[in-house]
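# just coords:
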């Protein structure tokens, strides 16, 4: 009966969840929003998504090969970055922009800081911000969907909501299903919420960041402009996409429960301030990036007391 | 504060084949005493026992073959009758070889004369402590801390509550479950006797509510006995952790670095209480225990085993191992130790012998993705990510600052980690390093003090 028994230390059981399974879940959760983007903005959206994902995976693979590191593209994290980057672009950008964005996201933001888990800002969002400040003209021009009348202006819902006289032009149902001008992945709130519910059920994300962020924007607008405006605001722009998929990025958001509430509320407040008072209709990206940088500090000061911790000198 | 969970953190580990669902239905069976038993002298935490028999001696079942080697120690008894073959070393699951007494079984099963306590209900604390000590009883949940020491609180401390651990939260293990089902009257009697001896008015048996039959059996058995109640607990690992159990039942928090007695509690495993009852009522020392054999074996069982029986005898009694076994474990899969040698003997702390398949292989570690699952899983509310970073960077002071020494090594963080990082392993090593350094620092301080004294003496001598 003597067999070759292996010797290890406890624990001897492991949960089935792996980094790859978690990232795959995020991809699954992102799928509905991508499909909606293709439906509303046409085949060009599909090509941009594919280009961005391929660039990200390839950039990670080549960088790791060239630097002699273990290749980790199998963990699906580069796919998530690729999807998020494409979702943050309007379909009107030139092809090369997806490639440049992908390279910035993976090389500059992720790998140069140590790879998965070590980057301090969200790779897709940072790349988007770099593209936005470099080529604001194309990155900031949002096309209308295939189902909107040509006469409709290309103004995003947020631009319309910013002026009192045009708030009425924004229809709730259009915002919810995604029939409005915007970037590929942000318009269909129904799809984003579906993905969010999937991630919550699969325990990939925790409710604190998305609920804190969306909740605080809603509350602020409720006080600032009433229920109707508040509802339209939370269904506009990249708030849902950012709150569910980007502010919850593990590497760049706090790990403690209290820290996550601070992250959500902090993001939400900045979004509100930018949207309501700044000369710029959308603030989700910058709000999240700002809070990304705050994350190590938040984590440091929100470590819970351990079980049985006695007050020092007390 | 923690709602229905009753303690912070915790996990629901999954089981493979022949887990609790299957094995909890198997009644306790006697496994035949083997031809030869190897009885280690260190089956408990503390000083090893000192042999009092010689090679060639004839011994009877229950005879003391080694006496306690100090206050924190326990005597060891022969588990079969026969001849002492040698006093040698035996392999333990830890991989260490410890001194052991080897006895060849004469299969006569002759017992020493047993001396039941004449008036068990009138035993005082000292009398009860003496019986527990002489019976060689140690914590049978696996911790193996000498029970006599546990029930001897310091001068200014009193036992207010007796908590009985029937949680059995480790996957696969069903030995305590079967014992609660089959011996509820003896367990309740043992608790009752302990309460009388120590003047304790309240005893609570904590049982996870995935064992409703055991809860019912104990509730039936304690009907009519004042002060004893059964507390069903939510199923959540590590519910059976001492600090977690105390909090779940009493809402008292054992301070960091403290003991249960600091909050007026003593926690005993149901198996320990059963052994105490047998020691008092029948005069029987601890020579056998119930051990679960589960996982990838052909017929999982719960056995009553003589201490010192080689693991291989149990595996054979289970119809052998399945072909996919890669690991044998003594204890539960979350905290148990791997067995390298199937001749390892069953000891007082062997709650289970588990065979695990390929899924128990050590997965490859990858980079931390900062998901925070470990923090949520930790039943001590520690930050495992940071502790791990500090330990790996050899920044032990920082690791201690964030709570390293409070880690109970339950393995919950490692279980949930999607990057498969060896967290518990890192903490175990870190704690060891901290202890080594503390001892070194202490030794150095003592040496310094001595040198100073010597210097003073010399100065004094000069002056004189």
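Nice, I can see it. Model, not experiment: these values are computed from the prediction.

# From now on I want contacts and neighbour counts done on CA atoms only, so please keep to that.
OK.

# contacting residues for residue B:106?
By C-alpha atoms under 8 Å, 6 or more residues apart in numbering or on different chains, the contact list for residue B:106 reads B:35, B:80, B:81, B:82, B:83.

# Going by neighbour count, which of those residues comes out on top?
residue B:80 (31 neighbours; other C-alpha atoms under 10 Å in any protein chain shown).

# Skipping adjacent residues, who's closest to that one in space?
Once flanking residues are discounted, residue B:80 sits nearest to residue B:61: 4.8 Å by C-alpha to C-alpha, 6 or more residues apart in numbering or on different chains.

# any idea how far residue B:33 is from that neighbour?
Using C-alpha to C-alpha, to the nearest Å, residue B:61 is found at 11 Å from residue B:33.

# Show me how far stretch B:71-91 is from its chain's centre.
On the basis of C-alpha atoms, centre = their mean, to the nearest Å, stretch B:71-91 sits 19 Å off its chain's mean C-alpha point.

# what mean pLDDT would you report for that stretch?
What stretch B:71-91 shows for mean pLDDT is 94.

# For the stretch 351-464 of chain B, what lies in contact range of chain A?
Listed as neighbours of chain A in the stretch 351-464 of chain B under the rule C-alpha under 8 Å from any C-alpha of the partner chain: B:359-362, B:367-372, B:375, B:379-383, B:403, B:410-411, B:414-420, B:424-425.

# The residue nearest to residue B:80 reaches residue B:110, doesn't it?
Yes: counting by C-alpha atoms under 8 Å, residue B:61 does reach residue B:110; the two are 6.0 Å apart.

# Please compare these two by neighbour count and tell me which comes out ahead.
Comparing residue B:61 with residue B:110 by other C-alpha under 10 Å, the one with more neighbours is residue B:61, at 22 against 14.

# That one bridge partners, please.
Following DSSP bridges, residue B:61 is listed with bridge partners residue B:111.

# residues in contact with it?
Counted by C-alpha under 8 Å, 6+ apart, residue B:61 has contacts B:77, B:78, B:79, B:80, B:81, B:109, B:110, B:111, B:112, B:287.

# Recalculate using a threshold of 6 Å.
B:78, B:79, B:80, B:81, B:110, B:111, B:112 (C-alpha atoms under 6 Å, 6 or more residues apart in numbering or on different chains).

# Now the fourth one. Nearest residue, chain neighbours left out?
For residue B:81, ignoring the flanking residues on the chain, the nearest one in space by C-alpha to C-alpha, 6+ apart is residue B:60 at 4.2 Å.

# I'd say the one you found and residue B:111 touch.
Yes: Residue B:60 lies in contact with residue B:111 (C-alpha atoms under 6 Å); the separation is 5.2 Å.

# between the two, who's got more neighbours?
A direct count of neighbours by other C-alpha under 10 Å for residue B:60 and residue B:111 places residue B:60 higher, at 23 against 16.

# and the helix or strand containing residue B:462, what does it pack onto?
Using DSSP states H and E, residue B:462 maps to helix B:423-463. Of the remaining helices and strands, none touches helix B:423-463 by 3 or more C-alpha pairs under 6 Å, 6 or more residues apart in numbering or on different chains; DSSP states H and E.

# need the residues of chain B near chain A, please.
By the rule C-alpha under 6 Å from any C-alpha of the partner chain, the part of chain B lying against chain A is B:253-256, B:326-327, B:333-335, B:338, B:360, B:368-372, B:380-382, B:411, B:415-416, B:418-419.

# can you map out the helices along chain A?
Ranges of helices within chain A are A:19-41, A:43-66, A:77-87, A:95-103, A:123-134, A:136-139, A:157-162, A:172-177, A:189-201, A:208-225, A:227-234, A:239-241, A:257-277, A:284-301, based on DSSP state H.

# Show me what the second one is in contact with.
Translated: helix A:43-66. For helix A:43-66, the surrounding residues in contact (C-alpha under 6 Å, 6+ apart) are A:38, A:71, A:78, A:79, A:82, A:83, A:86, A:91, A:98, A:99, A:102.

# now the angle from it to helix A:77-87?
What separates the directions of helix A:43-66 and helix A:77-87 is an angle of 150 degrees, with axes from the mean of the first three to the mean of the last three C-alpha atoms, to 10 degrees.

# Buried residues in helix A:43-66, which are they?
A:44-61, A:63-64 (16 or more other C-alpha atoms under 10 Å in any protein chain shown).

# So for residue 222, what pLDDT did the model give?
Went with chain A since none was named. 96.

# looking at chain B here, not the other one
Value for residue B:222, per-residue pLDDT: 91.

# same question, residue A:84
We have a pLDDT of 97 for residue A:84.

# give me the number of residues near it?
Neighbourhood size, residue A:84 [other C-alpha under 10 Å]: 29.

# what's the spacing between the residue most central in space within chain A and residue A:259?
For chain A, the residue nearest the mean C-alpha position is residue A:246 (2.3 Å; C-alpha atoms, centre = their mean). Residue A:246 sits 16 Å away from residue A:259, going by C-alpha to C-alpha.

# Filter the residues of the stretch 351-464 of chain B next to chain A down to the ones in strands?
Members of those lying in strands (criterion: DSSP state E): none.

# For the residue lying closest to residue B:181 once chain neighbours are set aside, the count of nearby residues, please.
Of all residues not flanking residue B:181 in the chain, residue B:214 sits nearest, at 5.0 Å (C-alpha to C-alpha, 6+ apart). By the measure other C-alpha under 10 Å, the count of residues near residue B:214 is 25.

# Now do the helix or strand containing residue B:214: distance to the chain's middle.
Per DSSP H and E: residue B:214 is located in helix B:212-222. Here helix B:212-222 is found 24 Å from its chain centre; the criterion is C-alpha atoms, centre = their mean.

# so which of the contacts of helix A:43-66 comes closest to residue B:144?
Lowest distance from residue B:144 to these (C-alpha to C-alpha) belongs to residue A:71, with 45.8 Å.
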